[in-house]
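Asker: Below are the sequence and a predicted model; questions follow.
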Amino acid sequence: MMGNNMERFEIRCDLAAVLRWTARLNMHESIANHYSMAVSSDGARFLMNPYGVHWSKMRASDLLELDANAQIDDIGDKVDPTAWAIHGAMHREVPHARCIMHVHSKYATALSCLKDPAMPPIDQNTMRFYNRVAVDTGFDGMGLGDEALRLAGVLGNKSMMLMGQHGFLTVGPTIARAFDDIYYYERAAETYMTALASGKELNIASHEVAEKTAVQWAEYPNFSDKHLEAIRAVLDEEEPEYRE
């Protein structure tokens, strides 16, 4: 189980903050899509945004604590059944998926609709994800039951998954890391889709340069933590109720 009450409170605040920030960036989709964070050592208990609450209004106290081993009939009407199925399966089956974030953001979802949804290394943001994204091309419905378990298997040991004809998903050890990945993957997809729209030939980096850049991103000191701290500083001033 996660530490003391103050630690739990800060986790709730972090999750509410990134949900609100995602809405500011227009990367959310109405009341759909979900973020979750494990709060038990085995990952089975996790926090997740409730069904029907708009991301722009999310508060720390709104977040639900759920059990990945519960039966669907027991979860209640505050939980989106598709979200519970996907996030529950991930928290049960993928040990490194402490935090899970899934969105249908504009550019990553457009990328997921291509016959070949792989994203080549054409700038330093796309290079960040070079050979580090699982690509699922077996979409078989909205993520209930067997589909949720299948997605957990496709992710494997990767921290990101482009979900063909669906959207994308990131997992990470912390909320800060998962959100930083989700933000930069959408930015990378925007660059790639915009470059494709030009109709011009893409300037694709070599394996050596792309891999070097991906490693540099991974080793950049405290970047994701500072990103989340900056977001919370803005919200502390402009929307402090996210902490309630």
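Answerer: Arrived safely, thanks for sending. Numbering: from 1, shown residues only.
Asker: all contacts plus neighbour counts: C-alpha atoms, from now on.
Answerer: OK.
Asker: What is the neighbour count of E208?
Answerer: E208 has 8 neighbours, counted by other C-alpha atoms under 10 Å.
Asker: just the strands in this structure please.
Answerer: 34-38, 45-48, 64-67, 99-103, 133-136, 160-163, 167-172 (DSSP state E).
Asker: Could you report the neighbour count for N131?
Answerer: For N131, the count of nearby residues is 16 (other C-alpha under 10 Å).
Asker: just use 37 as the starting number from now, easier for me
Answerer: OK, 37 is where the count begins now, so the last one is N167.
Asker: quick revisit: I'd like the strands of the chain written out as TSV, with mean pLDDT added.
Answerer: Shown next, in TSV, are the strands of the chain (pLDDT from 0 to 100):
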stretch	mean pLDDT
strand 70-74	97
strand 81-84	96
strand 100-103	93
strand 135-139	97
strand 169-172	94
strand 196-199	95
strand 203-208	95
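Asker: Redo those strands as TSV? Include mean neighbour count and distance to A233.
Answerer: Formatted as TSV, the strands of the chain follow (neighbours: other C-alpha atoms under 10 Å; distance: least, C-alpha to C-alpha, whole Å):
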stretch	mean neighbour count	distance to A233
strand 70-74	27	30
strand 81-84	23	36
strand 100-103	18	41
strand 135-139	26	23
strand 169-172	19	22
strand 196-199	24	20
strand 203-208	25	20
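Asker: Could you say which one of those comes nearest to T118?
Answerer: Smallest distance to T118 across these (C-alpha to C-alpha): 9.8 Å, for strand 70-74.
Asker: Could you export that closest one as PDB, CA atoms only?
Answerer: Provided in PDB are the C-alpha atoms of strand 70-74 (Å, rounded to 0.1, in the frame of the first residue of the first chain):
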ATOM      1  CA  HIS A  70      -9.100   7.700 -18.400                       C
ATOM      2  CA  TYR A  71      -6.000   8.100 -16.200                       C
ATOM      3  CA  SER A  72      -5.300   5.700 -13.300                       C
ATOM      4  CA  MET A  73      -2.500   5.300 -10.700                       C
ATOM      5  CA  ALA A  74      -1.800   2.200  -8.600                       C
END
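Asker: Paired strands for it, with orientation please.
Answerer: strand 81-84 (antiparallel), strand 135-139 (antiparallel) (DSSP bridges).
Asker: centre of the chain versus that strand, how much separation?
Answerer: 8 Å (C-alpha atoms, centre = their mean, to the nearest Å).
Asker: got the angle between it and strand 203-208?
Answerer: 20 degrees (axes from the mean of the first three to the mean of the last three C-alpha atoms, to 10 degrees).
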